[in-house]
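Trainee: Give me coordinates for this.
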Amino acid sequence: MACNLLFGPQQSAEALSSLAPDIHEVGPQALAAHSGLVKTHFLHSPALPLAERTAAAIYVVRQPADVLESNFHYSRRSAGLAGESREEFDRYVDAFIQHRGDPRWLQLGMGSWEDNVRSWLGVRHSFQVIPVRYEDLTADPRKVCAMLAQLFRPESTDLEIDAAVANSSFDRMRELEAADIREQRIGIFYKPYLQAAIDSGRRFMRSGEVGGGARRLTPEQRARLATTFNKLHGELGYPTP
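Mentor: Model (predicted):
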C-alpha cells in the first residue's frame, strides 16, 4: 500500500523488494546507501539495524491467534512441505504458547510475539511509531491509507489514495502472486526453493481472514492462548478472548 501510494501501481513483488527491501533477506550492510522504506521483523533494541537513520516506523500488529495460524502455514510453505495434519498443528500450538511465539523468532532476533509488540509499542522511541492493527486495515483500508499519506506525502489526492487502496487489495495481491509464480519473478511470492510448496497449492496470500485462527483452535487451546496473552490483548484494544 505504501509503495503504491508513493511510487504508483506496483506490478510484482520483485519490484517491491527493490523499493522496500526486507532487511532479513538483504542484510543491513546492503542497505547502507538505501534511503526509503525498509521491512523488518526485528524487535526494537539498541542493536536494531539502521535505527539511527529511522525517521518513523509503521508497526502492523495482529491478534495472536491469527498470527499463530498464519505463521504455521507460512512456516510449512517456507519448508516446502505440502500436506499437514491436525497433530502437526497441535504441536505448533503447544510450541507457540510455550515460547509466546514461534520458537524460531527467538533465534532470529525477533523475540516472542509479546516482546516484539512491547518493544515497539510499549516504550517511547527517538522516532515516531505508528501502530496499525491488521483488523483495522482489513475493515477500512482507505482510512489506513489516508493515515499513511499524512506521513509520507500529505499532498496526496483522494484519487491517489483510492488507487493505492485498490492496487493493494487482497484480490490484487493474489493476482500479483499468480503472475510472479507464472513468470518466476523472485520476491516474497516466488523463490525457486518454494517450488514444491507452490506445486502443492500453498500460497503466501492464503485467506487474509480475521478471526480464523481462533476458530481453528480447540476450546482448551483458546483458553491457554488467552491466559498467555490476555493482558496485552486488552492493551491493544482487542476484545477479551
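
Trainee: does the residue nearest in space to the middle of the chain count as helix, strand or coil?
Mentor: The centre of the chain sits closest to Val60, judged by C-alpha atoms, centre = their mean, with a distance of 6.7 Å. Assigned by DSSP: H, G, I helix; E, B strand; the rest coil, the conformation of Val60 is strand.

Trainee: Tell me the pLDDT of it.
Mentor: On pLDDT, Val60 comes in at 96.

Trainee: In this structure it contacts Ile130, no?
Mentor: No: between Val60 and Ile130 there is no contact under C-beta atoms under 8 Å: 9.7 Å. All C-beta spots, glycine's among them, are computed from the backbone N, C-alpha and C.

Trainee: Let me see the backbone angles for Val132.
Mentor: Val132 has phi and psi values of phi -130, psi 120 when expressed as degrees, to the nearest 10.

Trainee: typed the wrong thing, it's Val129
Mentor: Val129 adopts backbone torsions of phi -120, psi 120, taken as degrees, to the nearest 10.

Trainee: To what extent is it buried, counted in neighbours?
Mentor: Neighbour count for Val129, taken as other C-beta atoms under 10 Å: 15.

Trainee: hmm, back to that, got a list of what the nearest residue to the residue nearest to the centre of the chain once chain neighbours are set aside touches?
Mentor: When the adjacent residues along the chain are set aside, Val60 lies closest to Val132, with 5.0 Å between them (C-beta to C-beta, 6 or more residues apart in numbering). By C-beta atoms under 8 Å, 6 or more residues apart in numbering, Val132 lies in contact with 58-61, 144, 147.

Trainee: State the distance from Val132 to Arg224.
Mentor: Remark: distance between Val132 and Arg224 (C-beta to C-beta, to the nearest Å) = 27 Å.

Trainee: Roughly how far does Ala149 sit from Asn4?
Mentor: 11 Å.

Trainee: Put the alpha carbons of the lowest-mean-pLDDT helix or strand in the chain into CSV.
Mentor: For the chain, counting by mean pLDDT, DSSP states H and E, helix 195-199 ranks last in confidence among helices and strands (a mean of 85). Presented in CSV, the C-alpha positions along helix 195-199 are these (Å, rounded to 0.1, in the frame of the first residue of the first chain):
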residue,chain,number,x,y,z
GLN,A,195,8.5,-24.7,-5.9
ALA,A,196,7.4,-27.9,-4.2
ALA,A,197,5.2,-26.0,-1.8
ILE,A,198,3.8,-23.9,-4.7
ASP,A,199,3.1,-27.0,-6.7
